[in-house]
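**Q** coords please:
(chains A and B)
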Amino acid sequence: MTTKSSARTGRALAAAAAAGAVLLTAACGPDEPEAASLTTLTVMAPLLETQAPDPEGELQTAVEELIGKDLDITWVPNAEYGDKTTVTLASDQLPHVMVVQGKTPAFVQSAEAGAFWDLTDKLGDYPNLTANPAADQRSGVPIDTETIQLNASVNGTVYGVFRLRDAMRTAVVLRKDWLDALGLDAPTTTDELYEVAKAFSEQDPDGNGQDDTYGIVVPKWPGSYGTSAPYDVIETWFGAPNAWGEVDGELVPGFATEEFFEANAYVKKMVDEGIVNPDYATLDSGTWNDPFVQGKGGIIIDVSSRAGVLMGLFKEQDPEGYGDYVTMEGNLVGPDGDRHSYPTPGFNGFLAIPKSSVPTEEMLAEVLTVLDTMSSEEGQILLNNGIEGRNFEVVDGFARGLDEEDPEIELLNADIRAFAQLGTNTNGYQAYTALPAGDPELELWNHRQEIHTRDSETVVANPTLPLVSPTQVERGATLDQIVADARIKYYAGQLDEAGFRAEVQRWFDEGGDEIVTEMNELYAGLG
Amino acid sequence: MTTTTAVPQAVPQAAPPPSRRVPLLTRLARHRWLFLLLVPGIAYFALFKYWPMYGVTIAFQDYLPVLGFADSPWVGLKHFDRLFTSPEFPRILGNTLVLALLNVVFVFPAPIAVALLLNELRVGLLKKFVQTAIYIPHFLSWTIVASLTYLLFALGDGAVTQLATSAFGQDPQFLTAPEWFRPVIILQTLWKSTGWGTIIYLAALAGVDQHLYEAARIDGANRWQQLWHITLPAIRSTIVVMAILLSGNLLDTGFEQIYLMTNSLNREVADVFDTYVYFTGITQGAYSYSTAIGLFKALVGIVLIFGSNWLAKRFSQNGLF
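**A** The predicted structure is shown next:
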């Protein structure tokens, strides 16, 4: 990999100014269908960092060199990416490549009307955009890229190159020091979770003599039903389907099962007993870590990477003993004695290619070649790790950061975090994992790999991931909100169990019955 | 009626004094600079207000961006039908109307009351200070107002919550209880907009002839009588104009404020047209349906503004137009 050695002073300022400029210019996209050969590739992507990468920066230059094209990237803040996608779809200024974060009704309707290339039979020609069974040996968790490809499709039609993500991430993150203070072990079953959470709220785990702690921290969940909320996870542990599942040979939503109501009765019991934070309906999910770090709550049910984030936060407070605060457990064994593990969809959206900006097959081939190159081992390392010898070196198969204090490297690392959003890793993750910073991090990392490997044996898959039904497109979001709200109202006591069941029934009456019928027909059609 | 009676009627009109009859073109030419001055204004309204209205046609289509305005299929009133038969419609309409009514009852008179109070203040410095202090919230965004509300009214440890808990013995759950949603919204609106709203009334009050008060005092009128017989009649036309303007925006309950204060427990009373349009249009991409909702809302607004103008003219002889 080559590096430009020119001086890079004042890059931070330039990047800030350029970020604005990129948004202005790139938002315009291609003015007219260009000639078959394209020199500049326009891209729309979400930005999770605070600052958009410098288009003249070290990383973008390196990526441009790798793919042999100039890049013109519109970085849109992640919080408004969904809105921006809907609005962009309605404009006539689409980029060549668009990161689509989910199969929203707006996207599905546009795609089915022919706004995006159907890639179903095309991706096979690109080795890095197709299944590669040998890949992902690094994480140890087997991945099934063909299934993920199908899950990312719309009823079997592939409209984009999916962005691979870890298939198993669910974890229960706990305050290790509280467990130790009370002489408890990390819970392995839902019953034990209740016991530990109760002890955390009642037995003064922080030893300050005051009743000022609670067990589980839950935020106001931004998504609706079946969106990896802690409630969804607990329902699956209790044996309910993961959003949808087969019961007696028919696909039904999870809330059509008794396990769903058992799980919610379990949550309600914890809410009633004050084991859950009282502001579970309003706590901003952006501040989810705060009660945990401040010692108000001791358990978070979320993804395992949060454990690492929390450990980092404790490290700021206690650089010596930070390893003693955080531990985690994977999916818990349910009341039926079995472990039902809640997986991720295995992908996080996909890169779709609009026909209006890429009108010909030749241009499509060019764009796909670029995506193929970016998903090659070399491309993946560049997008995920950076430039070897410049900002990282390889140690025992891990990437270790170099000169992290250097402002130029800091900028490069920020750019890498942003560009990772363009990485699809469709053929399996082949870049390096960042080397854990210290022994506690390494220990946590190894533990995480262990529990995830174990949990991927007992995955409860959502069979409807590839399916998009017409009624669901029209009414699904409104209907699912009924169930998500009813759940919270039930915990808060606004609804009793009969009322809760009546609200769930409303889902079926107001259009859900049609969704169930359509889903089953589509499922049968999928073969 | 016969044509013979109609014709003589028309004749006197058709023959005005010849000296006043100037050809249209001459008149235009005479005032050409005035018309030229008018051009930017007309262009602005045509370009930015009337031309975009072409877009409301998608309310009658199954609009798909890839097909465009021209090729999307026409579906007549399908989306209006869907709206009026939708199970959410009565609830959203009800919520919107209740908030509108609360706005009329509490938010609309507040600036008048405050302006009258300020007008009675004798100490100029104090008056200026209060005026400035109560303007400030106007300049805060709803995001900040919502954050402040969350801090003050938060479950358990919010300052107001603690006061209320010690006063009533239980936590009123300001942020989640459906019955508290509307009071909190109205309180926020009052806090944010009252001070700013006083400006126009204070301006009207400044124009009241001081001699009237003097004469009234000599006649023995007390403060209340002066207020009732001089001040209020003097600003009556301002109040009427403000009321008519308000009626046009009655269904605009505001998006940000409602959206930020909504959660699972109060959504039942919180969903209004503005948030519903966002939910269906922007997050779900139902372009035509959400346009239909917006159009319905706009039509109601037009009916209200003409209706209230008619009422104002009928009862007080001074409407807006």
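**Q** residue contacts, the closest residue to chain A within the stretch 151-300 of chain B?
**A** The minimum distance from the stretch 151-300 of chain B to chain A, using C-beta to the nearest C-beta, falls at residue B:285 (2.1 Å). Using the backbone N, CA and C atoms, a C-beta is placed for each residue, glycine as well. By C-beta atoms under 8 Å, 6 or more residues apart in numbering or on different chains, the residues touching residue B:285 are A:86, A:89-90, A:104-107, A:109-110.
**Q** How far away from the center of its chain is stretch A:497-511?
**A** 30 Å (C-alpha atoms, centre = their mean, to the nearest Å).
**Q** Buried residues in it, which are they?
**A** By 16 or more other C-beta atoms under 10 Å in any protein chain shown, the buried positions in stretch A:497-511 come out as A:500, A:503-504, A:506-508, A:510-511.
**Q** Closest to residue A:389 out of those?
**A** Comparing the buried residues of stretch A:497-511 against residue A:389 with C-beta to C-beta picks out residue A:507 as the nearest, at 56.2 Å.
**Q** just to revisit the earlier point, so of the contacts of residue B:285, which ones are in helices?
**A** Among the contacts of residue B:285, the members found in helices (DSSP state H) are A:86, A:89, A:105-107, A:109-110.
**Q** Give me every residue in the stretch 51-200 of chain A lying close to chain B.
**A** Neighbours of chain B within the stretch 51-200 of chain A, by C-beta under 8 Å from any C-beta of the partner chain: A:82-83, A:86-87, A:89-92, A:104-107, A:109-110, A:113-115.
**Q** Can you pull out the low-pLDDT segments for the chain?
**A** By default, I'm working from chain A. A:1-37, A:131-142, A:527 (pLDDT under 70).
**Q** Please refer instead to chain B.
**A** B:1-20, B:317-319.
**Q** and it, which residues reach chain A?
**A** Counting by C-beta under 8 Å from any C-beta, chain B sits next to chain A at B:64-68, B:87-88, B:150, B:154-156, B:175-176, B:178, B:263-265, B:267-268, B:279-287.
**Q** Next, count neighbours for residue 258.
**A** Chain wasn't specified; assuming chain A. 10 (other C-beta atoms under 10 Å in any protein chain shown).
**Q** Sorry, I should have been clearer: chain B.
**A** When neighbours are counted by other C-beta under 10 Å, residue B:258 comes out with 23.
**Q** does it really touch residue B:274, like I thought?
**A** Yes. Judged on C-beta atoms under 8 Å, residue B:258 makes contact with residue B:274 at a distance of 6.5 Å.
**Q** on that earlier part again, any of the residues of the stretch 51-200 of chain A next to chain B buried? List them.
**A** A:82, A:86, A:89-90, A:104-107, A:109-110, A:115.
**Q** quick one: which of these is nearest to chain B?
**A** Distances from chain B to those, taken by C-beta to the nearest C-beta, are shortest for residue A:106, at 2.1 Å.
**Q** Wait, a strand at residue A:76?
**A** Yes. Using DSSP: H, G, I helix; E, B strand; the rest coil, the assignment for residue A:76 is a strand.
**Q** beta partners for it?
**A** residue A:46 (DSSP bridges).
**Q** which residues touch it?
**A** A:44-47, A:84.
**Q** Just the buried residues from the residues of chain B next to chain A, in PyMOL please.
**A** The buried residues among these can be selected in PyMOL (16+ other C-beta under 10 Å) with this line:
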select buried, chain B and resi 64+65+66+67+150+154+155+175+176+263+264+265+267+279+280+281+282+284+285+286+287
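**Q** Domain parsing of chain A, as residue ranges.
**A** A:11-165+A:346-431, A:170-342 (automatic domain parsing).
**Q** do you know how far residue A:347 is from chain B?
**A** Separation of residue A:347 from chain B (C-beta to the nearest C-beta, to the nearest Å) stands at 21 Å.
**Q** Would you mind measuring from that residue to residue A:149?
**A** 9 Å (C-beta to C-beta, to the nearest Å).
**Q** Which neighbours do these two have in common?
**A** residue A:162.
**Q** Need the three-state assignment for the residue in the stretch 201-350 of chain A positioned nearest to chain B.
**A** Closest approach between the stretch 201-350 of chain A and chain B, counting by C-beta to the nearest C-beta: residue A:279, at 4.4 Å. Following three-state DSSP, the label given to residue A:279 is coil.
**Q** quick one: which helix or strand includes the residue nearest to it when sequence neighbours are not counted?
**A** Spatially, and ignoring its direct neighbours in sequence, residue A:279 is nearest to residue B:155 (4.4 Å; C-beta to C-beta, 6 or more residues apart in numbering or on different chains). In the assignment (DSSP states H and E), residue B:155 maps to no helix and no strand.
**Q** quick one: contacts for residue B:155?
**A** Contacts of residue B:155 (C-beta under 8 Å, 6+ apart): A:278-279, A:282, B:161, B:171, B:173, B:175-176.
**Q** Residue A:360 and residue A:353: what is the separation?
**A** The gap separating residue A:360 from residue A:353 is 12 Å, by C-beta to C-beta.
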